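Peer 1: what shape does this take:
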Amino acid sequence: MRCRSHSAAARLFEVNGTCQSRTSAPSKWAALLGVGMLAVLTLSSCHKEGEHHAEAEEEEEPQLILTKPILRDTVITRDYVCQIRSCRNIEIRALERGYLEKVSVMEGQKVKEGDLMFQILPRVFNASLKKVEAEAQVAKVEYENTERLLQTNVVSDKELQMAKSKWDQKLAEVTLAQTHLGFTAIKAPFSGIMDRLWLRNGSLVNQGDLLTTLSDNSEMWIYFNVPEADYLDYASHSATEESKQATLVMANGQIFDQPGRMNVIEAEFNNKTGTIPFRADFPNPTGLLRHGETGSIRMQETVKNALLVPQKATFEILNHHFLYVVDKDHVIHQRQIEVAKELEDLYVISSGLSADDTFIFEGMRQVHDGEKAEDFVTEEPKEAFAHLKLKAE
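Peer 2: I've put the predicted structure just below:
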């Protein structure tokens with residue numbers, strides 16, 4: 001490529017040569033420096049102009065790429081945020097007032113059913129029990145004496161009944177005192193893991209005070225909310241064993257190594273969120289899961305003979321999905337399709353398209369409905385879908 005600015009630089013050199021006799025040495029070097037800078041700028045401008053021209057020559061109008069849908073069995077995966085709960089998680093509270101004499105457990109400890117956890121000072125309750133036991137013994141003696149007097153007709157039947165009632169009352173008081181004394185020894189109602197301790201030895205405990213929390217983590221109940229549309233899909237396939245299986249994705253992104261099973265669906269929808277709570281049960285033999293964790297429940301559904309198209313080949317108009325179909329005469333037609341399921345890069349089509357139709361995979365922005373496709377290439381579906389995330393079997 002020629003550049004006219006070279007002639008201007010040459011003329012400057014000629015003028016500089018003819019004016020040597022009239023120019024001092026410093027002026028001559030300044031003129032030479034100026035001419036050199038002008039030449040450099042001129043050559044740089046010509047180089048950039050040449051690159052731009054070369055790029056324009058190499059740029060070509062992109063071709064249309066056509067392909068067909070894929071028909072295959074596909075696995076639809078859905079993830080739902082969940083909350084992990086123990087199958088039994090209870091608060092351990094004091095049933096009697098008194099000083100906390102003994103704490104037999106530590107925070108985070110595993111306890112067995114029946115193990116002593118807390119002991120409230122039992123002296124007052126022991127004294128109360130001995131008192132009512134003595135009163136019950138007196139009532140028993142009175143009853144026996146009255147019974148002997150009745151045999152000699154000294155007393156009436158009513159006096160014997162009154163003596164028996166008084167004895168029964170004292171026996172009930174003994175049972176009540178024994179119960180209160182038993183409440184001072186707080187034992188584990190089931191095997192589980194201790195939470196933090198809220199009170200220590202010597203604390204004054206009032207009735208109802210929280211001592212700790214106990215969790216049975218042998219089985220975890222995991223709750224999550226399902227949208228109404230997903231619930232209807234699940235309910236229509238709930239008879240299959242596959243639909244009842246679930247996978248837990250833990251907070252670190254790893255898959256929990258035990259399979260879960262759908263067991264409970266609550267009775268009512270939440271009108272504010274449009275969801276209904278589900279519960280999946282997971283065995284927890286190693287105790288990895290703890291009460292209060294979070295994660296995601298992953299449910300899978302297999303769609304037989306699903307008709308798949310890439311999402312990038314479609315476009316939306318007023319919440320309706322469309323793509324461009326090319327007929328046998330290479331005429332382009334805008335076609336409305338119905339999306340049944342959505343994958344990460346693909347749509348499962350329920351109507352509007354058949355497995356034999358050809359559609360525009362790339363280049364749909366440069367075409368219009370009714371035009372004829374002139375410059376295009378056709379790719380096999382396996383090649384076109386090779387770089388898409390296809391969760392299929």
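
Peer 1: hmm, Ile65 is touching Glu383, no?
Peer 2: No - look at Ile65 against Glu383 with C-beta atoms under 8 Å: they stay out of range, at 9.8 Å. Placement of C-beta: from N, CA and C, glycine included.

Peer 1: which residues in the stretch 151-300 of the chain form strands?
Peer 2: 185-187, 192-194, 204-205, 210-227, 245-250, 260-265, 275-283, 294-310 (DSSP state E, counting those that start in this stretch).

Peer 1: would you turn these into a markdown table with distance to Val141 and mean neighbour count?
Peer 2: Shown next, in a markdown table, are these (distance: least, C-beta to C-beta, whole Å; neighbours: other C-beta atoms under 10 Å):
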| stretch | distance to Val141 | mean neighbour count |
| --- | --- | --- |
| strand 185-187 | 32 | 18 |
| strand 192-194 | 48 | 21 |
| strand 204-205 | 38 | 17 |
| strand 210-227 | 42 | 19 |
| strand 245-250 | 67 | 18 |
| strand 260-265 | 59 | 15 |
| strand 275-283 | 59 | 19 |
| strand 294-310 | 66 | 18 |
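
Peer 1: tabulate the ones you listed in TSV, adding columns for distance to Glu91 and mean pLDDT.
Peer 2: Output for the strands of the stretch 151-300 of the chain, formatted as TSV (distance: least, C-beta to C-beta, whole Å; pLDDT from 0 to 100):
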stretch	distance to Glu91	mean pLDDT
strand 185-187	12	94
strand 192-194	12	93
strand 204-205	14	92
strand 210-227	6	95
strand 245-250	26	93
strand 260-265	23	89
strand 275-283	22	94
strand 294-310	22	89
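
Peer 1: distance to Val75 added to the ones you listed, as a markdown table?
Peer 2: Listed next are the strands of the stretch 151-300 of the chain as a markdown table, based on distance: least, C-beta to C-beta, whole Å:
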| stretch | distance to Val75 |
| --- | --- |
| strand 185-187 | 49 |
| strand 192-194 | 37 |
| strand 204-205 | 56 |
| strand 210-227 | 18 |
| strand 245-250 | 12 |
| strand 260-265 | 17 |
| strand 275-283 | 18 |
| strand 294-310 | 5 |
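
Peer 1: figure out which of these is closest to Asp369.
Peer 2: strand 294-310 (17.9 Å; C-beta to C-beta).

Peer 1: ok, Ile65 and Glu383, which is more surrounded?
Peer 2: Ile65 (17 against 12; other C-beta atoms under 10 Å).

Peer 1: residue contacts, that one?
Peer 2: Counting by C-beta atoms under 8 Å, 6 or more residues apart in numbering, Ile65 touches 360-363, 376-379, 384.

Peer 1: same question, Glu293
Peer 2: 83-84, 250-251.

Peer 1: neighbour-wise, which of the contacts of Ile65 leads?
Peer 2: Of the contacts of Ile65, with other C-beta under 10 Å as the count, Phe361 tops at 25 neighbours.

Peer 1: hang on, that residue packs against Lys68?
Peer 2: No - using C-beta under 8 Å, Phe361 is not in contact with Lys68, being 9.3 Å away.
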